[in-house]
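Peer 1: sequence-free structure coming up:
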């Protein structure tokens, strides 16, 4: 039965691979093909002559001719430069293709030419061995393909598949040879395959369907790779693996010890520069909390592997961060962390060669697209509250909620979280029945709540009936009954006022969703009973029942200011920043790889912005406990 289950697991990737493999076969059966005929502007007769050069295999001459045409016809010059880059790629001259692509102003290109540019850049990335970036570009172009570029896109997809599969196939062949050696053990399988992205391992599983001796070892690698950085999940997965293959002379404990030792060997940069706000900057105290967290994380590294840290304090002007970046480059910095300020993150992302120094920004730039355009290894780790609002909406939908009210404070922060919840909830099929804003400085919101809950309409109906019968009607105004969730875009002070007032208007039985900012840090029974019934995503750092929460309690006795929720968040952010450094390259190549961090489960699905997945909790008695996904219904009215 267990073997049959594993066989199913092997078959499924095969089904997904059939279209790609078909493309590979078709590609191999044809002569080497380049880009198809595309209109690019310029003199029609001359373009026709250049197309004939391409057809005859005179790629270099065709590339030069396209470049000349781009000079003579500036109105279509950028599109002709794309054609030139494609020709240079066909000539196996990637450095010339890069030179030409660097001259293109993508902001002026029409949609079709932008797709064509993405495909050229994807091909260049493959030639340079940057398969992760090539895959991202091809995936980005997939939804925008005009019909005439579908064949070229399929060819590039097939080529990428072949390139991605070659190393793992070599490792698989080595495993096949090693398995018959007398000293073979599970460590050999782990050493050969563990570094490969999970998707690549799954793609070649079908090749061993007739080799049952390999199956337990590939099962071991997959079990470990799926839970590589999560100790608790890894222990559970390896124990389950051992139960599936009890006849093997290799134990889960041996695998755990080997993987733990292997993780300690991940290369770290020798010199990290950290950009922090100077004393005259607004964010100086938050920056100090960040520094303390970063150093705390650094101290958890093996002493012989700790990189040298340089703390560079930058002034309030955006130009200060640019100067600091050039100074870091001159000082042989191997990795850059920071800045914390959003405007400075934007200034750094706008540098033409920002990604030359691998960088982990600690805020999102104002234009997040700059992260992709910057190229190189530039990543952002940030704590936007919108992320938590989106997760709140997802949880509401997952538990069957479809009709929501949104009540948010009248601030920029309140507007942002309300918009994030609304967009995610409606995209998932939910409906926003009404939304209202309130002044967080006011203690009484009864007028607003009467109106959005339609208690005032119910009272008006009672009053009309009383007038018609010329007597008092014994009835109590009721709230509306078409709502199954309320989202509160509230912070701690106003949230503790809103929750009891909602209960007063008989809305206490409705699901109340919020962000973790509705609690001032970790939930406390002596302070947060007024938040009972609120469900929210919450960073593990603020949850006493998590490993991160235990670390927070220890840190409170060592670092001043961690009773302040904002400073505590930034301390945790610093710990996560240093913990991510050795794994960013693997995360960039494998979107499924995640790191259990202080501020959430961290992954890098798009190659640029760290995603945070948070546990969802419910507050009862002022204490947080995991929120289930059972379908809870509001009390019938």
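Peer 2: Okay, I see it. These numbers were taken from a predicted model, which means no experiment stands behind them.

Peer 1: quick one: mean pLDDT for the helix or strand encompassing residue 289?
Peer 2: Taking DSSP states H and E as the definition, residue 289 sits inside helix 284-299. Regarding helix 284-299, the rounded mean pLDDT is 96.

Peer 1: what does it rub up against?
Peer 2: 274, 276-278, 281, 306-307, 309, 311, 337, 340, 362, 555, 558-559, 561-562, 566-568, 570-579, 598 (CB atoms under 8 Å, 6 or more residues apart in numbering). Where you see a C-beta, it was placed from the backbone N, CA and C, and this is true even at glycine.

Peer 1: what about the stretch 101-250 of the chain, any weak spots by pLDDT?
Peer 2: Within the stretch 101-250 of the chain, the segments meeting pLDDT under 70 span 129, 206-207, 209.

Peer 1: can you do 90?
Peer 2: For the stretch 101-250 of the chain, residues meeting the criterion pLDDT under 90 lie at 101-114, 122-148, 157-174, 176-177, 180-183, 198-213.

Peer 1: tell me the contacts of residue 502?
Peer 2: Residue 502 neighbours (CB under 8 Å, 6+ apart): 449, 486, 508, 510, 512.

Peer 1: residue 187 is in contact with residue 256, isn't it?
Peer 2: No. Using CB atoms under 8 Å, residue 187 is not in contact with residue 256; the gap is 11.7 Å.

Peer 1: just the ones of the contacts of helix 284-299 in helices?
Peer 2: 555, 566-568, 570-579 (DSSP state H).

Peer 1: related to what we said a few turns ago, closest to residue 400 among the contacts of residue 502?
Peer 2: The closest of the contacts of residue 502 to residue 400 turns out to be residue 510 (CB to CB; 13.0 Å).

Peer 1: for the closest one, what are its contacts?
Peer 2: Counting by CB under 8 Å, 6+ apart, residue 510 has contacts 483-486, 502, 634.

Peer 1: list phi and psi for it.
Peer 2: Per-residue torsions, residue 510: phi -80, psi 150 (degrees, to the nearest 10).

Peer 1: what about it, distance to residue 620?
Peer 2: 15 Å (CB to CB, to the nearest Å).

Peer 1: same check, this time on residue 46
Peer 2: Residue 46 is 76 Å from residue 620, by CB to CB.

Peer 1: check residue 413 too.
Peer 2: Residue 413 is 26 Å from residue 620, by CB to CB.

Peer 1: tell me where the stretch 451-600 of the chain has strands.
Peer 2: 485-489, 511-514, 534-537, 594-597, 600-603 (DSSP state E, counting those that start in this stretch).

Peer 1: my error: substitute the stretch 201-350 of the chain in the last question.
Peer 2: Using DSSP E, counting those that start in this stretch, strands in the stretch 201-350 of the chain cover 271-277, 308-314, 335-337.

Peer 1: domains in this protein, by residue range?
Peer 2: Following automatic domain parsing, one finds the domains of the chain at 32-145, 176-263, 270-380+540-613, 384-538+615-637.

Peer 1: in a markdown table, list these along with distance to residue 151.
Peer 2: Output for the domains of the chain, formatted as a markdown table (distance: least, CB to CB, whole Å):
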| stretch | distance to residue 151 |
| --- | --- |
| domain 32-145 | 6 |
| domain 176-263 | 23 |
| domain 270-380+540-613 | 26 |
| domain 384-538+615-637 | 32 |
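
Peer 1: alright, that wraps it up for me.
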